[in-house]
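Novice: following is a predicted model, sequence given first.
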Amino acid sequence: MTSFDVDAFLQQPLTARIATNGPTVRPVWFLWEDGAFWILTGPWARLLRRVRDDPAVALVVDECDPATGVVRQVIARGRAEVVPFDVPRGRRKLARYLGADEGRWDERFMHYLYDDPAERGTVWLRLEPASLSVQDLSYAAAR
């Protein structure tokens, strides 16, 4: 196994999967910032209710490319906390997946930035990992 730059890996617009009690697993977009995963959610999603009921979560971000042999994963475990939504962080998160030009974004994403978060109920789930497992399982791809 070889090492890799975890921060650079987590800056990529990859999809994470978060597991809550039940167990329930769902794909999420995230922002890795200040040593924590930030996931946008609200009352429209069961994720918020599940985390409020039991904040213990696990989250995995991985990539697997058989053409190149790149296989890397980051697994985080800890207690997610619900924190108020802030627009600057929301903009950074959405821009990493949708690009910097907000004029090209689908309208539904604009509502997160311009609707009143208190009215909409938009919040962050913040996961500062209690444990972080990092593995590079890459291999030499067949030619």
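Specialist: Here it is on my side, so go on. No experiment lies behind these values; they were computed from the predicted model shown.
Novice: tell me what the longest helix anywhere in the chain is packed against?
Specialist: The longest helix of the chain (DSSP state H) is helix 87-98. Under the contact criterion of 3 or more C-beta pairs under 8 Å, 6 or more residues apart in numbering; DSSP states H and E, helix 87-98 touches strand 31-33, strand 36-41, helix 107-114. The C-beta positions use only the backbone N, C-alpha and C, and glycine is treated the same way.
Novice: those: which one's closest to residue 125?
Specialist: When those are compared by C-beta to C-beta, strand 36-41 sits nearest residue 125, at 4.3 Å.
Novice: paired strands for that closest one, with orientation please.
Specialist: Note on strand 36-41: by DSSP bridges, its sheet partners are strand 31-33 (antiparallel), strand 123-127 (antiparallel).
Novice: identify the residues contacting whichever helix or strand comes after that strand?
Specialist: Where DSSP states H and E defines the elements, the next helix or strand beyond strand 36-41 is helix 46-53. Helix 46-53 is contacted by residues 18, 20-22, 24, 26, 28, 39, 41-42, 57, 80, 82, 123, 125 when judged by C-beta atoms under 8 Å, 6 or more residues apart in numbering.
Novice: which of these lies closest to residue 113?
Specialist: For those, the nearest to residue 113 is residue 42 (13.4 Å; C-beta to C-beta).
Novice: got the contact list for that closest one?
Specialist: By C-beta under 8 Å, 6+ apart, the contact list for residue 42 reads 48, 120-123.
Novice: need those residues in JSON lines (columns: distance to residue 107, neighbour count and pLDDT).
Specialist: Formatted as JSON lines, the contacts of residue 42 follow (distance: C-beta to C-beta, whole Å; neighbours: other C-beta atoms under 10 Å; pLDDT from 0 to 100):
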{"residue": "48", "distance to residue 107": "22", "neighbour count": "19", "pLDDT": "95"}
{"residue": "120", "distance to residue 107": "14", "neighbour count": "14", "pLDDT": "89"}
{"residue": "121", "distance to residue 107": "19", "neighbour count": "15", "pLDDT": "91"}
{"residue": "122", "distance to residue 107": "16", "neighbour count": "23", "pLDDT": "94"}
{"residue": "123", "distance to residue 107": "21", "neighbour count": "21", "pLDDT": "96"}
